[in-house]
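# for reference, the sequence and a predicted model appear below.
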Amino acid sequence: MTTNLKEVDVVIVGLGWTGGILAKELTEAGLKVVALERGAPRSSENDYSLPNIRDELRYVVRHDLMQNTARDTITVRNNPQQEALPMRRLGSFLPGEVVGGSGVHWSGHTWRWTDMEFKVRSNYEERYGKKFIPDDMTIQDWGITYAELEPYYDKFEYTAAVSGKAGNIGGHIQAGGNPFEAPRVRDYPLPPLTPILASEMFTDAARNAGYHPFPRPSANASQPYTNPDGSKFGGCQYCGYCQRFGCEANAKGSPHMTVIPIAMRNPNFELRTHSWARIPGSLRFSRTPTPSGSPALPTQTCSTARNSSSRRPSCCYAPMPSTTCT
Ligand SMILES: Cc1cc2nc3c(=O)[nH]c(=O)nc-3n(C[C@H](O)[C@H](O)[C@H](O)COP(=O)(O)OP(=O)(O)OC[C@H]3O[C@@H](n4cnc5c(N)ncnc54)[C@H](O)[C@@H]3O)c2cc1C
Ligand code: SF4
């Protein structure tokens, strides 16, 4: 016995930074959004607080916040002639599986690209000629410029509490920042983190050698901060448990404590955790017009059925550990 799910404007599969930002922006634009996240809902206060969050066995060795490769995984091949095989042991690539995705256990380094990186092919061809890049090399320009993206870099930095020192504001080089960065409209929302001794020694050595050292921008709040959406950050405790862990001080900019709670407060949004989207036969891809009549957004619309008695969809809402898609 199945029932058809009510259609919504957008279904987001996976609620990390990408899905979380989309959830907030699209619901604010008036669209009805459902997010399917295969992982569990976890929160800073219940799951990432001291002392339990410093459990290295759980988070580093057993990958508690990451994809369970015994159950499903990506496949890898080294060239198109090989058969792709499942990767059953995580290495340096540690995809997240929780509300917030990898953004919960990321480090927080937040680089902007330079102007040049968006047009690598053009730059090479201009300098070395059209024949410089071999025909079978797929290198391309991105089709979008740094200037077009700058407002979004800026918005993200203020959302995620990025600490750093600007090097180029509106074309004016700023002492102490990265003099080679592309122009930005304003400085980071927070001053740089306090340098450790090794960093101070490196800075001195690099400067004496004629280089331009600068503090690395990172989404680790150097002091308590409230972002433009009202999300509150504590100041970084320099505990060193950024990568592979949730932040014990709520200081690391992460989607589960910024964009996702904002989306959750919006009645247009529904989050379904432990919901594993299985693409073949389960999701219909469609293009849905936006309410304003602006260009259509590519969306995934869940149009399949679910078991009415258990309220579990039989298809795109498979509770873990089941991977069945019927
Ligand atoms: C340990 C680590 C450190 C990092 N450090 C940095 C850093 O310092 N600076 C930096 O810029 N980047 C860093 N990154 C990379 C950065 O964190 C990721 O690029 C970014 O978080 C990806 O966000 P995303 O939303 O695109 O994907 P993800 O965060 O991977 O989110 C995808 C979500 O989708 C869910 N999902 C996947 N498949 C399905 C499915 N079929 N059905 C339902 N749900 C599904 C997953 O559970 C997950 O929650 C780091 C990554 C890791 C793992
Ligand atoms: S307190 Fe600072 S060092 Fe520790 S996890 Fe949070 S951001 Fe990282």
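In hand now; what should we look at? This structure is a prediction, so every number in the text was calculated from the model and none was measured. Numbers count the residues shown, from 1 in each chain. Ligands and ions are numbered 1, 2, ... in the order given.
# switch to C-alpha atoms for all contacts and neighbour counts from now on
Will do.
# next, the buried residues of stretch 181-201.
By 16 or more other C-alpha atoms under 10 Å, the buried positions in stretch 181-201 come out as 181-184, 187-193.
# if you could redo that for stretch 234-254, that was the one I meant.
Within stretch 234-254, the residues that count as buried by 16+ other C-alpha under 10 Å are 234-237, 241-254.
# how far is that stretch from where the chain is centred?
16 Å (C-alpha atoms, centre = their mean, to the nearest Å).
# quick one: contacts of it?
Contact with stretch 234-254 is made by 17, 44, 48-50, 53-54, 59-60, 63, 65, 100, 103-108, 159-162, 219-225, 233, 257, as judged by C-alpha atoms under 8 Å, 6 or more residues apart in numbering.
# so which of these belong to helices?
Judged by DSSP state H, the subset of these located in helices is 17, 44, 103-105, 159.
# if any of the contacts of stretch 234-254 are buried, give me the PyMOL selection for them.
In PyMOL, a selection of the buried entries from those looks like this (16+ other C-alpha under 10 Å):
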select buried, resi 17+44+48+49+53+54+59+63+65+100+103+104+105+106+107+108+159+160+161+162+219+220+221+222+223+225+233+257
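# take the contacts of stretch 234-254 and keep only those in strands.
Among the contacts of stretch 234-254, the residues falling in strands (DSSP state E) are 225, 233.
# okay, now Ala209: neighbour count?
If you count neighbours by other C-alpha atoms under 10 Å, Ala209 ends up with 9.
# meant to ask about Ile74, not that
12.
# which pLDDT value belongs to it?
Per-residue pLDDT puts Ile74 at 86.
# what's the answer for Asp115, then?
Model confidence at Asp115, given as pLDDT, is 94.
# now it: how far from Ala249?
Asp115 sits at a distance of 34 Å from Ala249 (criterion: C-alpha to C-alpha, to the nearest Å).
# kindly report the same for Asn178.
From Asn178 to Ala249 the distance is 28 Å (C-alpha to C-alpha).
# filter the buried residues of stretch 181-201 down to just the ones in strands.
Going by DSSP E, the strands hold none of the buried residues of stretch 181-201.
# take those residues and lay them out in CSV including distance to ligand 1 and pLDDT.
Shown next, in CSV, are the buried residues of stretch 181-201 (distance: C-alpha to the nearest ligand atom, whole Å; pLDDT from 0 to 100):
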residue, distance to ligand 1, pLDDT
Glu181, 16, 96
Ala182, 17, 97
Pro183, 19, 97
Arg184, 18, 98
Asp187, 19, 98
Tyr188, 16, 98
Pro189, 17, 98
Leu190, 17, 98
Pro191, 18, 98
Pro192, 15, 98
Leu193, 15, 97
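# having no further points to raise, I will conclude here.
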